[in-house]
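Participant: I would like the atomic coordinates for the input below:
(one chain, ligands or ions: 1)
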Amino acid sequence: MKYEILNTEIVEGIAMVTISRPKAMNALNTRFFNEMDQLVGEISQNKDVKVMIITGDGKAFVAGADIAEMVNKNGEEGSAFSRLGQNTFSSFGKMDIPVIAAINGFALGGGLELAMGCDFRIASTKAKFGQPEVSLGLIPGYAATQRLPRLTGMGDALYLLMTAEMIGADEALRIGLVQKIFEPESLMEETMKIARNIISKGPEAIKKIKNVVRQGMEMSFTDGEKLEAQEFGTLFGDGNQGKEGMTAFLEKRKPEW
Ligand code: CO8
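Facilitator: Numbering: from 1, shown residues only. Below is the predicted model:
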């Protein structure tokens, strides 16, 4: 499939993915999900890509699911459209590499859900966030009911989901929805800097951090500790990156991964 909505540029091991349907505020339609599924497959196979960044073209990051596509769906089709988006956004968490949302503008409904499927979120000071589904008589369908309370705690999540209030970047930072905010003109460069910093770290450790944290969130604390200890051990011993990192520290040199 040829890409019509997603533009991807790979620079210094960073795949910069721009969602581009600016006339519809980058609203998410079936074609978007099909393209994104294909792209996730391709990037997962590309060993040269170490980090993926997702951003939006124009004044929106993504203003939600495409209301024009949804309006005439029946219940069964609505559930299928929900599962389609849930699967795509969950696939970001299953990738070995970090996936970062660079939120340049409106991140509403399905747009915020897309951002929450990423590993973390960097935003422009001009970005706006909200879950406006109840204004349309809907509930979220791409896992905001599950991810938002895990990220912000239940009170802030229920407040946003029930009021449909649109919040700014400072408030999003305060409640833990985004991790950093930057002026609009420096958002992409600052996000690239964060990506480059991650790329300089032990690659196996980065992959395992993602895996252990994400798997751990779905298991008991005790099982999560067991998983951590097991994965910790795999980084030790000759030929492993933990051994190289610790040796380099003691020899006062840069590690060679
Ligand atoms: N879907 C389709 N088209 C959209 C969407 C959208 N979500 N958002 C904006 N557009 C279109 C507008 O219709 C308009 O098109 P046109 O020029 O043809 O009239 C164009 O984009 C520009 O939009 P505006 O003129 O409204 O621009 P403003 O700058 O005045 O406002 C806003 C920008 C505030 C972003 C405004 O467009 C808005 O409120 N958009 C809708 C936001 C929204 O309600 N999002 C939630 C959608 S529901 C959802 O995401 C549920 C996800 C789960 C689905 C589960 C599957 C069943």
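
Participant: give me the number of residues near residue 227?
Facilitator: By other CB atoms under 10 Å, the residues close to residue 227 number 17. C-beta: built from backbone N, CA, C; applies to glycine.

Participant: List the residues that contact it.
Facilitator: Applying CB atoms under 8 Å, 6 or more residues apart in numbering, we find residue 227 in contact with 212, 215, 216, 219.

Participant: Repeat that for residue 81.
Facilitator: For residue 81, the contacting residues are 30, 65, 69, 70, 73, 141, by CB under 8 Å, 6+ apart.

Participant: Among those residues, name the buried ones.
Facilitator: For those, a neighbour count by 16 or more other CB atoms under 10 Å gives the buried set as 65, 69, 70, 141.

Participant: Find the nearest non-adjacent residue to the third one, please.
Facilitator: Once flanking residues are discounted, residue 70 sits nearest to residue 81: 6.6 Å by CB to CB, 6 or more residues apart in numbering.

Participant: What residues does the residue of the stretch 151-257 of the chain found nearest the ligand make contact with?
Facilitator: Across the stretch 151-257 of the chain, no residue is closer to the ligand than residue 166, which sits at 7.5 Å (CB to the nearest ligand atom). Residue 166 makes contact with 108, 128, 129, 130, 132 under the criterion CB under 8 Å, 6+ apart.

Participant: So which of the buried ones among the contacts of residue 81 sit within strands?
Facilitator: With DSSP state E as the criterion, strands contain none of the buried ones among the contacts of residue 81.

Participant: nearest to the ligand, of those?
Facilitator: Nearest to the ligand out of the buried ones among the contacts of residue 81 is residue 141 (CB to the nearest ligand atom; 2.3 Å).

Participant: ok, the residue lying closest to the closest one once chain neighbours are set aside - how many residues close by?
Facilitator: Computed as CB to CB, 6+ apart, the closest residue to residue 141 that is not its neighbour in sequence is residue 82, at 3.4 Å. By the measure other CB under 10 Å, the count of residues near residue 82 is 19.

Participant: Quick one: distance of whichever strand or helix holds residue 82 to the chain centre.
Facilitator: For residue 82, the element it lies in under DSSP states H and E is helix 75-94. Chain-centre distance of helix 75-94: 15 Å, with CA atoms, centre = their mean, to the nearest Å.

Participant: who in the stretch 101-250 of the chain is up against the ligand?
Facilitator: Contacts of the stretch 101-250 of the chain with the ligand, taken as CB under 6 Å from any ligand atom, map to 106, 108, 109, 110, 132, 133, 136, 138, 140, 141, 142.

Participant: Adding distance to residue 242, pLDDT and secondary structure, write the residues you listed out as TSV.
Facilitator: Shown next, in TSV, are those (distance: CB to CB, whole Å; pLDDT from 0 to 100; DSSP: H, G, I helix; E, B strand; the rest coil):
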residue	distance to residue 242	pLDDT	secondary structure
106	42	98	strand
108	42	98	strand
109	42	98	coil
110	39	98	helix
132	46	98	helix
133	45	98	helix
136	50	98	helix
138	47	98	coil
140	40	98	coil
141	41	98	coil
142	37	98	coil
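
Participant: Could you pull out the buried residues of whichever strand or helix holds residue 188?
Facilitator: Assigned by DSSP H and E, residue 188 belongs to helix 187-199. Across helix 187-199, burial judged by 16+ other CB under 10 Å covers 187, 188, 190, 191, 192, 194, 195, 198, 199.
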